[in-house]
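J.: Kindly return the folded structure for what I paste below:
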Amino acid sequence: MKTRFETLEDLPGQRQVTWRRSGGWIALAALLGMAWPPLILTFFIWPPQTWLDGLNTDWRILVMAVGVVAVPLCLWLLNQERIRTGRPATRLGIVWRFMFYGGLLAAALQGFNALVLSGVGALQSADIGQALGYAETALLIFGVGGVPLAILVGISYALWAGLCAALLAFMPRPAPVRDRLGLSGRDTFRPH
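T.: Model prediction:
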């Protein structure tokens, strides 16, 4: 075991990686990334009271539906970014991108949820005072109070998905081959 970190690649998560050649590993990473263990376990411990019931749908089903769409989409976006810029090149960079964009997506969806709930409640109100009161309450509870919790859940889910992607869909990049005989056509030594 190394006792000192001599290069950047000696730090955890800093080794250069590349996509695995087999698409099966990428599909497995997407499937496991969608199956966030705390979410799956709570389905067995506390079964949902309402599966699909409009605004009363169990929040875990909504989170799972977002994950089913977001994890493969994030893997696709990660591939597009790697084609365009070559980044992220490390497992740590892959996990960081999943967590960052997962937190942003959770905050955006919770904000949208707060606006929809306040609008629906305001439309069902009897008068303007009741509509304003319902909108204020919905925005405070679901917007102000719910956004930090949604970000926490989104980052946790994205951390799991990012770890699945970084460990299953990527493999260590092979070390570059040195041109010892000068046969590759590139001049490695240029005299002054």
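
J.: pLDDT (mean, whole number) over stretch 157-169?
T.: For stretch 157-169, the mean per-residue pLDDT is 92.

J.: how far out from the middle of the chain is it?
T.: 8 Å (C-alpha atoms, centre = their mean, to the nearest Å).

J.: could we number from 857 for the rest of this?
T.: In the new numbering, first residue 857, that becomes stretch 1013-1025.

J.: Name the residues that touch it?
T.: The contact list for stretch 1013-1025 (C-beta atoms under 8 Å, 6 or more residues apart in numbering) reads 869, 873, 875-876, 881-882, 884-886, 888-890, 892-893, 895, 919, 923, 926-927, 930-931, 934, 947-948, 950-959, 962. Yep, even glycine has a C-beta here, placed from its N, CA and C like the rest.

J.: let's see 6 Å
T.: 881-882, 884-885, 888-889, 892, 927, 947, 950-951, 954-955, 958 (C-beta atoms under 6 Å, 6 or more residues apart in numbering).

J.: Just name the closest of the residues you listed to Thr941, please.
T.: When the contacts of stretch 1013-1025 are ranked by distance to Thr941 (C-beta to C-beta), Ile950 comes first, at 13.5 Å.

J.: tell me the contacts of that closest one?
T.: Here Ile950 is in contact with 944, 1021-1022 (criterion: C-beta under 6 Å, 6+ apart).

J.: try it again with 7 Å
T.: With contact set as C-beta atoms under 7 Å, 6 or more residues apart in numbering, Ile950 has these partners: 934, 944, 1018, 1021-1022, 1026.
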